[in-house]
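Colleague: Here you go, sequence then predicted model.
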Amino acid sequence: MNSQAIALYKKRRSQYALGRELPIGRDEATQLIKHAVREAPSAFNAQSSRSLILHGAHSVKFWGLAKDALRRIVPADAFAATEAKLDSFAAGAGTVLFFVDSTVVQGLQEKFPLYADNFPVWGEQSNGMAQFAVWTALADAGIGASLQHYNPLVDEAVRHEWGIPESWTLRAQMPFGSHQGGFGEKAYIDDDARFKVFA
């Protein structure tokens with residue numbers, strides 16, 4: 001199959017070896033992330049995804065906050081591995097934090113009570129699509145990234161440090177930067193386990 005979209009999806013991989021030198025400028029990277037989030041679909045065109053884009057020292061600061069939070073719960077004799085992992089994320093050029101705005105979700109629940117139970121689920125699905133859109137766009141630009149989940153441990157620190165509204169719920173973090181390492185072969189489960197096709 002010759003599909004440009006599928007080729008892009010295959011290009012998107014988890015890159016843990018990150019550096020600070022991006023193949024595009026910082027402003028261009030910011031615009032790329034914004035466009036990707038903007039174009040991600042959402043149920044009822046809710047547009048409930050929000051993003052905090054951190055470059056340079058701000059990104060390093062975030063991973064320092066994550067380190068402080070984890071130091072309080074990870075046993076001291078096991079913390080070195082955790083610290084090394086967080087330092088690898090901080091070594092990148094930036095980090096995107098993904099949020100769901102609960103006021104949008106709640107507003108839709110009130111406006112369309114028949115679907116009230118579904119809107120939180122749809123908000124999460126939309127946020128996942130925004131994450132995938134950003135990750136794919138970064139990969140297309142030659143920028144490495146991975147998806148991390150240190151929420152809710154860092155939520156309050158992030159809210160305080162960058163003035164994040166109470167209605168924004170943190171869902172994922174995406175450190176990004178230059179590729180400083182390669183990728184292993186990707187494994188796939190059997191199609192028979194994944195798909196059922198009737199024609």
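Modeller: Here it is on my side, so go on.

Colleague: Give me the buried positions along the host helix or strand of residue 134.
Modeller: Per DSSP states H and E: residue 134 is located in helix 119-140. For helix 119-140, the neighbour count (16 or more other Cβ atoms under 10 Å) marks 119-120, 122-124, 126-131, 133-139 as buried. In short, each C-beta sits where N, CA and C put it, glycine included.

Colleague: likewise stretch 87-99?
Modeller: Buried residues in stretch 87-99 (16+ other Cβ under 10 Å): 88, 89, 90, 91, 92, 93, 94, 95, 96, 97, 98, 99.

Colleague: will you turn the residues you listed into JSON lines that also has distance to residue 64?
Modeller: Below are these laid out as JSON lines (distance: Cβ to Cβ, whole Å):
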{"residue": "88", "distance to residue 64": "14"}
{"residue": "89", "distance to residue 64": "11"}
{"residue": "90", "distance to residue 64": "7"}
{"residue": "91", "distance to residue 64": "13"}
{"residue": "92", "distance to residue 64": "14"}
{"residue": "93", "distance to residue 64": "16"}
{"residue": "94", "distance to residue 64": "14"}
{"residue": "95", "distance to residue 64": "12"}
{"residue": "96", "distance to residue 64": "17"}
{"residue": "97", "distance to residue 64": "14"}
{"residue": "98", "distance to residue 64": "20"}
{"residue": "99", "distance to residue 64": "20"}
